[in-house]
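[1] sequence first, then the predicted structure:
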Amino acid sequence: MNASRPASVSVLTLARGRQDHLRNVILGLAHQIRLPDELVIAAMQDAPFEDLPDAPFPIRQIVVPGEELPLARARNAVAAEADGDVLVFLDVDCIPHPALVSDYYAAATPGSGLSMGEVMYLPAGAAAPGWTIAGFDAVAERHSDRQGPPSEPRRLCRDYRCFWSLNFALHRQDWDRSGGFDEAYSGYGGEDTDFGRTLDAQGIPIWWIRGARVYHQHHAHCMPPIHHVTSILRNTEIFAAKWGHRTMEHWLKAFRMMGLIEDTPQGLRILRDPGPEDFALCAQADDMPYAASARVIRALEARQATIPLTDRTAQLSGAAAS
């Protein structure tokens, strides 16, 4: 950081569609205690967004097309485009608390590593026009599968697999040192864990911090993400070739238990496409603030426990012979 001037902050987000979600992100940034110096949007579609709300900071867009979600490439693109010393990455469905930018501004100093702020999940309808932060705080919930904020200002995250890109920040010096996200990954899944593993290998610490809160806007989602089986299988094999073992094992476990995939000597293989029963099991209902893989895996394990052992053996033998 240049000691002769204060650090600048670039907020970076990626979006395909989600116009209403993006509008709420901009409104949340417009009410920051410490305004960002810019917002850079990667439009993962054929054209930039139109009719965005006015904001008290510059908004720039870059188009990052791709039939599958180019998540790794888009994050690298917005970081390369940004002018800021501090890079704040927000998913487009995350409305920032008014203190988010100031919290990350304090945390993301040169060499300090990557910081992950708090995430709260909103029920359906909570982010309707006229929303307030006080209203969010009254109804938002923490995710049962995720680490909560530390009681101290920050706590070292000792498991790189806990990194996820929903809400994080780091100084540009640490970003440059990391090399960014690996663009071998395309579509959904794997690029986050790969980035966390890269930071771990390079000795760049990952921190949980208290504050830097976002409110995750409710939207239809499946967890485990059965709508992304193809890219998850491809990306876990890319991870295995790079690091010597697969990632996203909890999702792979659920896919196996649902009969969607199997292991073969040649690698993972898709057995069938997910059907209505699978989506009914994994989908986030309107009364659920978030989808959770652990809930689905528990249901699958309970279902499997009711199947007689002889039937389970026959199912396994049939799958192996197919």
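    Arrived safely.
[2] how much space separates the spatially closest residue to Cys222 that is not a sequence neighbour from Gly196?
    What sits nearest to Cys222 in space, not counting adjacent residues and going by C-beta to C-beta, 6 or more residues apart in numbering, is Cys282, at 4.3 Å. Any C-beta I mention is one placed from the backbone N, CA and C, and that applies to glycine too. Remark: distance between Cys282 and Gly196 (C-beta to C-beta, to the nearest Å) = 24 Å.
[3] try Ala82
    With distances taken as C-beta to C-beta, Ala82 is found 21 Å from Gly196.
[4] beyond the helix or strand where Thr13 lies, next helix or strand please.
    Using DSSP states H and E, Thr13 sits within strand 9-15. Heading C-terminal from strand 9-15, the first helix or strand you meet, by DSSP H and E, is helix 19-30.
[5] give me the angle between the next helix-or-strand element following that following helix and strand 9-15.
    Counting by DSSP H and E, the next helix or strand C-terminal to helix 19-30 is strand 38-43. Relative orientation of strand 38-43 versus strand 9-15 (axes from the mean of the first three to the mean of the last three C-alpha atoms, to 10 degrees): 20 degrees.
[6] strand 38-43: how far from the chain's middle?
    Taking C-alpha atoms, centre = their mean, to the nearest Å, one finds the center of strand 38-43 at 17 Å from the center of the full chain.
[7] which residues of the chain fall in helices?
    With DSSP state H, the ranges of helices along the chain come out as 19-30, 71-81, 100-107, 133-139, 172-178, 191-202, 229-243, 249-257, 276-282, 293-305, 309-321.
[8] adding distance to Thr13 and mean neighbour count, write the ones you listed out as a markdown table.
    A markdown table is the format used below for those (distance: least, C-beta to C-beta, whole Å; neighbours: other C-beta atoms under 10 Å):
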| stretch | distance to Thr13 | mean neighbour count |
| --- | --- | --- |
| helix 19-30 | 6 | 20 |
| helix 71-81 | 7 | 21 |
| helix 100-107 | 12 | 24 |
| helix 133-139 | 19 | 13 |
| helix 172-178 | 16 | 18 |
| helix 191-202 | 15 | 20 |
| helix 229-243 | 21 | 19 |
| helix 249-257 | 25 | 19 |
| helix 276-282 | 26 | 14 |
| helix 293-305 | 24 | 14 |
| helix 309-321 | 42 | 10 |
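[9] which one, of those helices, ends up nearest to His219?
    helix 19-30 (7.3 Å; C-beta to C-beta).
[10] give me the residues contacting that closest one.
    11, 13, 15, 35-36, 39, 41, 49, 51-53, 55-57, 59, 90, 92-98, 100-101, 127, 131, 217, 219 (C-beta atoms under 8 Å, 6 or more residues apart in numbering).
[11] measure Glu67 to Val11 for me?
    27 Å.
[12] hmm, I was thinking of Ile232
    28 Å.
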